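Chemist: Build the 3D model from these lines:
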Amino acid sequence: MDIIDAVFVYQMRQHAELRWHGRTHSHHEGEYEIHYFLGGEGEFINGKTSFTIRSGSLFVSNPQTIHAIKATAVHPVTYYAILIRLEQDEHTLIATLKDRQRKSPFSIGVNYRFFFEEVKEKGLSKSPERRQSACHQMFSLLYQLDSGSNAMKANDSDSRHLEKSLRIMQKHVMGSLTLGELADELKLNGSYFIRLFEKRMHQTPMKYYMKLKIEAASALLTCTDLSVKEIAAKLGFSSEFHFSKQFKLKTGMAPIYYRRNYLQQLGESTP
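Modeler: Here you go, the predicted structure:
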């Protein structure tokens, strides 16, 4: 088993974004997708059934199962999606996922943000060991759904602090947030919080926060006509220069070239 893709979509509002995530599609043989919705309103089509999206709901889509997210910009949807590939001889895991699709959706609450963020970070790692660790975490949750949706609820204080910190950072993507403000809101010593975050996420809180901003910038560059200067201001950067520098540092490409490259690829793929 392996995780072949993992994404976090924060409050999709733009027309192109809504169109992309709302397309009806399915995955290849051996590929199973887990969707975890944190907020917003809309419908999730899974096979022949349409479900109302509710905060804290989890769905499994099996190979060849057509699925789509139907939402609007009025009540934007936030969600995680994890795509897992299984080999044909992994019979027990396949049976588990097929059973979970049949029983979907599961209502697990909105306190799994850190759980899915950790799975995403590990799942996108170049390390096979970390990706395997993410797979085992995901299946641990899926196995326990039969024992009750709250079986995996994190009760230790460290996980609760991390869960809250992610929620705060995601909420302040459009704007600004300092480490001091974040630690104060968590009622934690700044140095302790940095150590705690690095231990579990393998990066500092502010590096993660900047990563969220760059992910948001990528969506704005590809899904809107906003100028680079307007995007920089919208995301709370002190200047267009600072934004462009950080964007190139994280993506290897200046914002204007990132947008141009995306549009060229889009043109090439359009009949």
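Chemist: from here on, contacts and neighbour counts on C-alpha atoms
Modeler: Noted.
Chemist: Tell me which stretches of the chain form strands.
Modeler: Taking DSSP state E as the test, the strands found in the chain are 2-12, 31-39, 42-46, 49-52, 57-61, 67-71, 77-85, 106-107.
Chemist: Pipe these into CSV and attach mean pLDDT and distance to residue 145 per row.
Modeler: As requested, the strands of the chain are exported to CSV (pLDDT from 0 to 100; distance: least, C-alpha to C-alpha, whole Å):
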stretch, mean pLDDT, distance to residue 145
strand 2-12, 86, 20
strand 31-39, 93, 13
strand 42-46, 94, 19
strand 49-52, 94, 19
strand 57-61, 95, 10
strand 67-71, 93, 22
strand 77-85, 92, 17
strand 106-107, 91, 8
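Chemist: want to throw these into JSON lines with mean neighbour count?
Modeler: Shown next, in JSON lines, are these (neighbours: other C-alpha atoms under 10 Å):
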{"stretch": "strand 2-12", "mean neighbour count": "19"}
{"stretch": "strand 31-39", "mean neighbour count": "22"}
{"stretch": "strand 42-46", "mean neighbour count": "21"}
{"stretch": "strand 49-52", "mean neighbour count": "13"}
{"stretch": "strand 57-61", "mean neighbour count": "24"}
{"stretch": "strand 67-71", "mean neighbour count": "21"}
{"stretch": "strand 77-85", "mean neighbour count": "21"}
{"stretch": "strand 106-107", "mean neighbour count": "18"}
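Chemist: out of these, nearest to residue 178?
Modeler: Nearest to residue 178 among those is strand 2-12 (20.2 Å), distances taken as C-alpha to C-alpha.
Chemist: quick one on the thing from earlier: could you dump the strands of the chain into CSV with distance to residue 141 added?
Modeler: Output for the strands of the chain, formatted as CSV (distance: least, C-alpha to C-alpha, whole Å):
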stretch, distance to residue 141
strand 2-12, 15
strand 31-39, 11
strand 42-46, 20
strand 49-52, 22
strand 57-61, 11
strand 67-71, 22
strand 77-85, 13
strand 106-107, 11
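Chemist: quick one: which of the ones you listed is nearest residue 218?
Modeler: Checking those against residue 218 by C-alpha to C-alpha gives strand 2-12 as the closest, at 11.7 Å.
Chemist: quick check, distance from that closest one to the centre of its chain.
Modeler: How far strand 2-12 lies from its chain's middle: 4 Å, per C-alpha atoms, centre = their mean, to the nearest Å.
Chemist: what comes into contact with it?
Modeler: 18, 40, 73, 76-86, 117, 120, 123-124, 131-132, 134-135, 170, 216 (C-alpha atoms under 8 Å, 6 or more residues apart in numbering).
Chemist: ok, back up a step: can you say which of the strands of the chain is nearest to residue 246?
Modeler: For residue 246, the closest of these is strand 2-12, at 20.0 Å, according to C-alpha to C-alpha.
Chemist: Show me what the closest one pairs with in its sheet, parallel or antiparallel.
Modeler: Counting by DSSP bridges, the strands paired with strand 2-12 are strand 77-85 (antiparallel).
Chemist: Now do the partner strand against strand 67-71, angle only.
Modeler: In terms of direction (axes from the mean of the first three to the mean of the last three C-alpha atoms, to 10 degrees), strand 77-85 departs from strand 67-71 by 170 degrees.
Chemist: Strand 77-85 vs strand 42-46, what angle?
Modeler: Per the same axes, to 10 degrees, the angle that strand 77-85 makes with strand 42-46 is 20 degrees.
Chemist: to the chain's geometric centre, what's the distance from strand 77-85?
Modeler: 6 Å.
Chemist: Relative to residue 260, how far out is residue 31?
Modeler: 32 Å (C-alpha to C-alpha, to the nearest Å).
Chemist: contacting residues around residue 98?
Modeler: Applying C-alpha under 8 Å, 6+ apart, we find residue 98 in contact with residue 62.
Chemist: and residue 224, which of the strands of the chain is closest to it?
Modeler: Of all the strands of the chain, strand 2-12 sits nearest to residue 224, with 11.9 Å by C-alpha to C-alpha.
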